[in-house]
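**Q** Show me how the following folds:
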Amino acid sequence: MYSYKLKSHPDSLLIEHLKFVGDRASNLIESKSINFKYSKEQLQYVAKVMGYCHDLVKGTKYFQDYLLGKNSVKDKLKAHAFLSSLICFYNVKGINEELAIISYLCVKHHHGNLKNFVDDMYIEDINKKFVKEQYKALEDEVNDICNELELKLPSLEEINDLIDELEYILDEYNDKLEDNNDFEKYILIKFLFSILIYSDKEYAIFREKNDITYDIPSTLIDEYKLKKFGNPKSNNIREIVYTDVIENMKKANNRIMSITLPTGSGKTYTCMSMALKLKEKINKDMKIIYSLPFTSVIDQNYDDYQNAIKEVKKVNTVSSKDILKHHYLSPKDYRSEELYYQGNEGRFLTENWNSQIVVTTFIQIFETLFSNKNSNLIKFNTLSDSIVLLDEVQSIPYKYWKVINLLLKEIGDLLNIYFVLITATQPLIFEKNEIYELASKCEDYFKQCKRTKLIINENPLDKEEFFEYVNSVIENNPNKNILIIVNTIKLSQELYKELYKYKDERELIYLSTSIIPKERRNRIYKIKHSEDKNIVISTQMVEAGVDIDMDIVIRDIAPLDSINQSAGRANRENRGQYLGEVHIVKVKNNNQYLAKYVYRDDILLQATENVLKDKNIIFEEDYKSLSDMYFRELKKNLSNNKSNKLKTLIYNLEFEDICNEFKLIEEQDKVQLFIEADDEACKVWNQYKEYLEIEDPFTRRDKLDYIKGDFYKYVITVFRNKCRENIEYGIGYVSKYQLSNTYDEEFGYKSKEEECIIF
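**A** Numbering: from 1, shown residues only. Coordinates of the predicted model:
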């Protein structure tokens, strides 16, 4: 038997690495219920060849010298991706030309990001220059590896002809893209690319597979509810909703479904139970991905599901294989029944959602769908065979509705994904015939809600008139908790000063994003647990999943979905009919609504004004019909320019441009500031400085993951033109010695004296 010596990594034989990656890629596809135009067997073969070829050219003398630490090796000579991709193309082209192109692209870019197809049409001169020299430097053992893996190695004489043939085929393929009118090519390339880089990194980190066992019972929520709440009452609204959704799921055959329910109707448990029972109905191991727009809500829902698993499985600690939480601040450690993973191992398992239930953010989901980046696409393949719960789906910007409609429908069919859109205010992303509503009696459920009412003030108010209005509400309601939400930091601070006269008789609390997150959490805790009657002055940050219960809300005009979020802070615990008042006002400055400083898209505010016009009081049972009117207004007036542009880019496989065009959160000229507000902050900043001095990129990344959760307790985001500090390493620093001049104990960061907008 041949004794292999070539290495892929310092501690790994090249043959072992290639064989693992190819076989693993093929096995991953075999396990999935996919529905591309190519057969599963064809795709398994292509994935296997990609895996066998992807690092084959590490078998040059140049790369082997590099592994031995010989620094004289030129970067381009030790590079291996291009010639490996050429050999992969050579092996696949006899099977199918398109699959050969895709395999070439995937192997070529497996260490980087996918590019626009047009940029891959021609072979770079530098690759042509070095490819023959690299080929000549292939060790003899490469032939034995090819024989072992049943690969064909082109001869040196064939290389130039192969490059010419590839360029011709790429050019032809690009011409054909002009007639492309579906997303299958886009999805297939990302899927196979993801399969390859996932298998490659799994071997590099673990040297073994990391599969999970799907053993969470479909009755998880039923058993937990019984233990926690006892036998349900049949007339309880939450139980009625729960039964309705589950029964309709059993009858549904749709990949796109919705659950439209008023807040407080038990959707957290209902949607998870529905997903578990849907998985049982399909009779397939499927990942459940529960996604929310706000990191602030994730922790609570994750804890709810984790507690259910603890109770039903009768365990003290829940394995990450059962449920994990993933967002940019979550720790990248991973716990199984036997082991605890940190560093690269924990990061790989967490970021690739190696779990039965994943609780994550919209950012993570949609970056996976629209990004070209290697770090986002590695988990693209894990979307297959999944049930994706999109909660608070109304927060998706309407300019992306059309492209999301098209993509979710197609990717659902191709990768066996079920999408469930969950909200109290269902946007019109899908037409009625495209989506199946699981809460069949949702109209009745909304009609039963009588917790709050909107009180509409039609006439605009200048600042002084607004202050008078707020004062009158406070004085007429001495025993009520009152929340006032305005659109700019400047107005919020001026209002706080105006209301300071109530400080002795009421608890006065200020909230905005100019305050460090640690202090914000303290103030929110105080609001929730104070026995005094609170007056809370806030910017719209309080809408983003902040769980407080007030009696009266005064809200400066905003898009209707934001108003609905604000209304959700009133009479949250349902203390009686219409005890929650939500006053809508329109604060102006020089005949300009202050709302327009924040909500720059006139369509949103205009649609809101249209549906509120000539209405004085709107009761909660009419909120759904009001929201339906609002989304119809948006649909009628919205521009599909952004969606149409993205659709064309997807047809043409312009991966880099797609990533740049799709921004779930619009980029703004903002900077981050670290506020050294207390002794703990001093300690964390010193740890951050240690992180900056670490040279090794992997150790450096681990250090940042370790301190990130504590670090961001002290970080705020401000507009660059409002910032006084110098920005170094992407972040500004306010030391404890600067606090008195820069950071106010009540209001937070002191920006320059201009109108300051927050989001």
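
**Q** Can you check the distance spanned by stretch 106-122, start to finish?
**A** Stretch 106-122 has an end-to-end distance of 16 Å (C-alpha to C-alpha, to the nearest Å).

**Q** What residues of that stretch count as buried?
**A** 106, 107, 108, 109, 110, 113, 114, 115, 116, 117, 120 (16 or more other C-beta atoms under 10 Å). (Each C-beta comes from the backbone N, C-alpha and C, glycine too.)

**Q** Distance to residue 723 and secondary structure for those - can I get that in JSON lines?
**A** As requested, the buried residues of stretch 106-122 are arranged in JSON lines below (distance: C-beta to C-beta, whole Å; DSSP: H, G, I helix; E, B strand; the rest coil):
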{"residue": "106", "distance to residue 723": "42", "secondary structure": "helix"}
{"residue": "107", "distance to residue 723": "44", "secondary structure": "helix"}
{"residue": "108", "distance to residue 723": "41", "secondary structure": "helix"}
{"residue": "109", "distance to residue 723": "37", "secondary structure": "coil"}
{"residue": "110", "distance to residue 723": "40", "secondary structure": "coil"}
{"residue": "113", "distance to residue 723": "31", "secondary structure": "coil"}
{"residue": "114", "distance to residue 723": "35", "secondary structure": "coil"}
{"residue": "115", "distance to residue 723": "35", "secondary structure": "coil"}
{"residue": "116", "distance to residue 723": "35", "secondary structure": "strand"}
{"residue": "117", "distance to residue 723": "40", "secondary structure": "helix"}
{"residue": "120", "distance to residue 723": "40", "secondary structure": "helix"}
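
**Q** tally of neighbours for residue 591?
**A** The tally of other residues near residue 591 (other C-beta atoms under 10 Å) stands at 7.

**Q** if I look at it, how far off is residue 58?
**A** For residue 591, the distance to residue 58 under the criterion C-beta to C-beta, to the nearest Å works out to 68 Å.

**Q** Save the buried residues of stretch 106-122 as a markdown table, and put in pLDDT too.
**A** Below are these laid out as a markdown table (pLDDT from 0 to 100):
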| residue | pLDDT |
| --- | --- |
| 106 | 98 |
| 107 | 98 |
| 108 | 97 |
| 109 | 98 |
| 110 | 98 |
| 113 | 98 |
| 114 | 98 |
| 115 | 97 |
| 116 | 97 |
| 117 | 97 |
| 120 | 94 |
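
**Q** With respect to residue 69, which of those residues is nearest?
**A** For residue 69, the nearest member of the buried residues of stretch 106-122 is residue 110. The distance, counting by C-beta to C-beta, is 24.0 Å.

**Q** Show the contacting residues for the closest one.
**A** With contact taken as C-beta atoms under 8 Å, 6 or more residues apart in numbering, residue 110 is in contact with 54, 81, 193, 196, 197, 200, 374.

**Q** Any of the residues you listed buried? List them.
**A** When neighbours are counted using 16+ other C-beta under 10 Å, these contain these buried positions: 54, 81, 193, 196, 197, 200, 374.

**Q** tell me the pLDDT at the residue lying closest to the fifth one once chain neighbours are set aside?
**A** With C-beta to C-beta, 6 or more residues apart in numbering as the measure, residue 378 is the residue that lies nearest to residue 197, at 5.1 Å, once sequence neighbours are left out. In this model, residue 378 is scored at 97, pLDDT.

**Q** what sits against residue 378?
**A** 194, 197, 198, 201, 351, 352.

**Q** Restricted to helices, list the residues you listed.
**A** Cross-referencing the contacts of residue 378 against helices under DSSP state H gives 194, 197, 198, 201, 351.

**Q** ok, the residues you listed vs residue 315, which is closest?
**A** Closest approach to residue 315 among these (C-beta to C-beta): residue 351, at 24.5 Å.

**Q** Tell me how many other residues surround residue 494.
**A** For residue 494, the neighbour count with other C-beta under 10 Å is 16.

**Q** for it, phi and psi?
**A** In this entry, residue 494 is assigned phi and psi values of phi -60, psi -40 (degrees, to the nearest 10).

**Q** show me what contacts it?
**A** Residue 494 neighbours (C-beta under 8 Å, 6+ apart): residue 463.

**Q** do you know how far it is from residue 467?
**A** Between residue 494 and residue 467 the distance is 8 Å, computed by C-beta to C-beta.

**Q** quick one: pLDDT of the closest residue in space to residue 694 that isn't next to it in sequence?
**A** Setting aside the residues directly before and after it, residue 694 is nearest to residue 700 in space (C-beta to C-beta, 6+ apart), at 4.1 Å. Taken from the predicted model, the pLDDT recorded for residue 700 is 88.

**Q** The worst-scoring helix or strand of the chain on mean pLDDT pairs with which strands?
**A** For the chain, using mean pLDDT, DSSP states H and E, the weakest element among its helices and strands is strand 727-728, scoring a mean of 76. Based on DSSP bridges, the strands next to strand 727-728 in the sheet, each with its direction, are strand 731-734 (antiparallel).
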